[in-house]
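Undergrad: take this sequence and fold it.
(chains A and B)
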Amino acid sequence: MGILSGYVGTGYCEMTADQDARPHYQPLASRFNEMDVADLESRVRMVESLFRRQGITFAVYDDKEEGVERTWPLDIVPRIISPEEWSDLEAGLIQRVKALNAFLDDIYSGDQAILNDGVIPRWLVESSSGYLPEAHGITVPFGARCVISGIDLVRNDAGEYCVLEDNLRVPSGISYVLENRVAMTRALPKAFSRYRVRPVSHFGASMLRTLQAIAPAGRDDPTVVVLTPGVFNSAYFEHAFLARQMGVELVEGRDLVVDSHTVYTRTTRGLQRVDVIYSRVGDQFIDPVAFRPDSVLGVPGLMAAVRAGSVSVANAAGNGVADDKGVYPYVPDMIKYYTGEDPLLANAVTYLPWVEEQLEMILERLDELVVKPVAEAGGYGIVFGPSAGEAELEELASTLRANPRGYVAQEVIQLSTHPTFTGSGLAPRHIDLRPFVLASDHVEVVPGGLTRVALREGSLVVNSSQGGGSKDTWVLA
Amino acid sequence: MLSRHAENLFWIGRYVERAENTSRLLDVTYHGVLEAGSDRSPTEMWAELLETLFLEEEIDSIDEGDAVGEFLLADSDHHASIPALIARARENARTTREWVSAEAWETLNDLYLSLNRIDLVEAARTRPYEVLRMVKSACQAINGSVEATMPRGEGYRFFLIGERIERALTTARVLSVWQRRLGPVGAQAAFVEWVKILKSVSAYESYLRAYQASMDGNRVLAFLLQSPDFPRSVLNCLAHGEELLNALGTGDVGREARRVAGLMRSQVEFADLTGQDLADFLGRVESGIAELAAEVEAAYFRPTSSVLMHSYEAF
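TA: Next up, the predicted model:
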């Protein structure tokens, strides 16, 4: 009797079909059936102590100002993606990011052809809070404005993948992809050895190459730095991790100085020139001269240096206009417009409150739909109709009427489930997938990505800031 | 290396060293209070500990027995407590992770987590020795993993410079506080007093080996100030500090820091202790070390550059 015997998945189960393991899950299932709950528990504890000792944590912001530091939650059951499935996803992701880059380049340094041709309404783009008129005319090598993107995919209960949202500004999670892998090879060495899993450990080198490719022309052996808001940012661990993986300096705004449109770091040997900045500081904070004057996180004069072409910043300022959830419904149209191809990855069905007929329908079905603010990330501000109280729905209805541009509504997607360790055994929990795409002189996808899991039974919210966990994601060779 | 990182490493070195020294001094004071043969009151001994740690403003808080031990060991809100020092060292390391080796970081983080796990108030009341010993050996383990796993570059050097400056300052401070109490190094000081001084800086056994148990005020003083070999003597710390500063480079940057280090080192090394106003000399050693720390900070952590901040053109 193994730990998986009698396991019944709910909805679309990634691992099983008709109570049998799908072919690519069979070696994993048979390995798990050799173990009991106590065995799994000791492995879970091993992973936890490994993460705690290495300080692999993230901060959760509660009602109080202070962030609480938590150990990164990794489930002991990995998610496995077959080679065929992955090659479809990979092609779809590359196509999507190319189109998003083409769109941003068109908006900021092109003729705005897509707006002139009426494919996307001009007012919609110009009313986006992520749209930065200040970024007009800044050109970027290869048009690579989304240099590192995280695209959130989910699978519905029919087993079909779709894109839930694009993260084109400061997507986080890649460090956990790498750390999860290291931990899992220690916690489940036998299961791991039964597969040929595509590695992720080269990510640092790939990312460095990708960033060096966008250095200003004529700069041989360019210097790259990672810019962080600082240790109190919830993703600080990741910023430090990326700098380490690339072997480059992690800097804060106060470490940089701009002179004559050139950026330097302050060092123990004087000032050193910087060519490429991978910035994890939000657009509004990156330069107090250009944007928010109260920002202490940024670098005064940085945007002028970018405009002068002496330094490149990734991801580019102004990307928020493309991952605005109000613009998201138009991404399939962008793909057709810029590539001439049909989209390989579908969007989730989305309704737009600023279209009058749709608003009436949304309000009628508010208790069945999910409503999301257009500019938030991390799951903040989302209302699940089915689990919202009457008062909350009423308030939401008036908010939608007052500010229709601020929200979109989507059908609730019953995310696919995956066996997940609960402490007393394995139970189905909903999951999603955030693959990471690197784009500059070429576009590549890191095999797999971050699988997030909603640890509460029945919950569809997978964000780690909202109590979600993660799974190592194995793409088979 | 970024100035901010250099500064963090310097302070990790200082905080870890200070936590170790605080543990040792606290341990010696606990023992001293218990030990028969001393005719001094516990209140005096606690006051002396506070003075050694630059905490004179806390002297009013010595109302009963172990209040000082309790705040130093258990009050993480007090800036000078052991848990606060370790928390600051760890916070610095967390923001400088790319310069701190994984093993050094883990050792420091382990100590931080242990101090969070232990009920320190209870430990201060019932088993302070155990916890103090744990802190001392954990601090030494941190130094050990820095030594064994960090490349001999700037990061390593700034850590050690911080550590040596802090250590020199502690030894000098122990001497000047005791000198102030005992007056001229005379015969009237009891054997047990010299033992306590030596133990305060972990020098007891080394001293015995050097002088075969002949306990003499002048020798104790000379040993702790001028021993070239004992790693906590003022001279040994300053000489190492000087070497480390030279290894950072001999150009314009840091010239003043190197000058002060060399001056202090030679003044200690060649001082004739018998012909000195000792109080004055020890005072000058203390302030000289503080000046050295200030010069290191000015040279490497707050670089003034030829590149000035201009007004920015509108974007």
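Undergrad: could you list the low-pLDDT ranges of chain B?
TA: Residue ranges of chain B with pLDDT under 70: B:36-39, B:64-65, B:184-189, B:303-315.
Undergrad: the helices in it, which residues?
TA: Applying DSSP state H to chain B gives helices spanning B:3-34, B:42-52, B:67-74, B:82-94, B:102-117, B:120-126, B:128-149, B:154-182, B:191-200, B:204-211, B:217-226, B:234-247, B:255-269, B:278-296.
Undergrad: buried residues in the fifth one?
TA: So that's helix B:102-117. B:Glu103, B:Ala104, B:Trp105, B:Glu106, B:Thr107, B:Leu108, B:Asn109, B:Asp110, B:Leu111, B:Tyr112, B:Leu115 (16 or more other C-beta atoms under 10 Å in any protein chain shown). All C-beta spots, glycine's among them, are computed from the backbone N, C-alpha and C.
Undergrad: coming back round to it: will you turn the helices of chain B into CSV that also has distance to chain A?
TA: As requested, the helices of chain B are arranged in CSV below (distance: least, C-beta to the nearest C-beta, whole Å):
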stretch, distance to chain A
helix B:3-34, 5
helix B:42-52, 31
helix B:67-74, 22
helix B:82-94, 6
helix B:102-117, 5
helix B:120-126, 20
helix B:128-149, 13
helix B:154-182, 6
helix B:191-200, 33
helix B:204-211, 34
helix B:217-226, 31
helix B:234-247, 12
helix B:255-269, 12
helix B:278-296, 10
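Undergrad: need those in JSON lines (columns: distance to A:Ile120).
TA: As requested, the helices of chain B are exported to JSON lines (distance: least, C-beta to C-beta, whole Å):
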{"stretch": "helix B:3-34", "distance to A:Ile120": "43"}
{"stretch": "helix B:42-52", "distance to A:Ile120": "70"}
{"stretch": "helix B:67-74", "distance to A:Ile120": "62"}
{"stretch": "helix B:82-94", "distance to A:Ile120": "44"}
{"stretch": "helix B:102-117", "distance to A:Ile120": "48"}
{"stretch": "helix B:120-126", "distance to A:Ile120": "61"}
{"stretch": "helix B:128-149", "distance to A:Ile120": "54"}
{"stretch": "helix B:154-182", "distance to A:Ile120": "50"}
{"stretch": "helix B:191-200", "distance to A:Ile120": "74"}
{"stretch": "helix B:204-211", "distance to A:Ile120": "78"}
{"stretch": "helix B:217-226", "distance to A:Ile120": "77"}
{"stretch": "helix B:234-247", "distance to A:Ile120": "60"}
{"stretch": "helix B:255-269", "distance to A:Ile120": "60"}
{"stretch": "helix B:278-296", "distance to A:Ile120": "58"}
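Undergrad: of the ones you listed, which approaches A:Val163 most closely?
TA: With distances scored as C-beta to C-beta, the stretch of those nearest to A:Val163 is helix B:82-94 (35.1 Å).
Undergrad: only C-alpha atoms, please: export that closest one in PDB.
TA: The C-alpha coordinates for helix B:82-94 follow below in PDB (Å, rounded to 0.1, in the frame of the first residue of the first chain):
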ATOM      1  CA  ILE B  82      24.500  40.600  22.800                       C
ATOM      2  CA  PRO B  83      21.400  39.700  20.800                       C
ATOM      3  CA  ALA B  84      21.200  43.200  19.400                       C
ATOM      4  CA  LEU B  85      24.900  43.100  18.300                       C
ATOM      5  CA  ILE B  86      24.400  39.800  16.600                       C
ATOM      6  CA  ALA B  87      21.100  41.000  15.000                       C
ATOM      7  CA  ARG B  88      23.000  44.000  13.600                       C
ATOM      8  CA  ALA B  89      25.900  41.900  12.400                       C
ATOM      9  CA  ARG B  90      23.400  39.600  10.700                       C
ATOM     10  CA  GLU B  91      21.500  42.400   9.100                       C
ATOM     11  CA  ASN B  92      24.700  43.800   7.700                       C
ATOM     12  CA  ALA B  93      25.600  40.400   6.400                       C
ATOM     13  CA  ARG B  94      22.200  40.000   4.800                       C
END
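Undergrad: brilliant, that's me finished.
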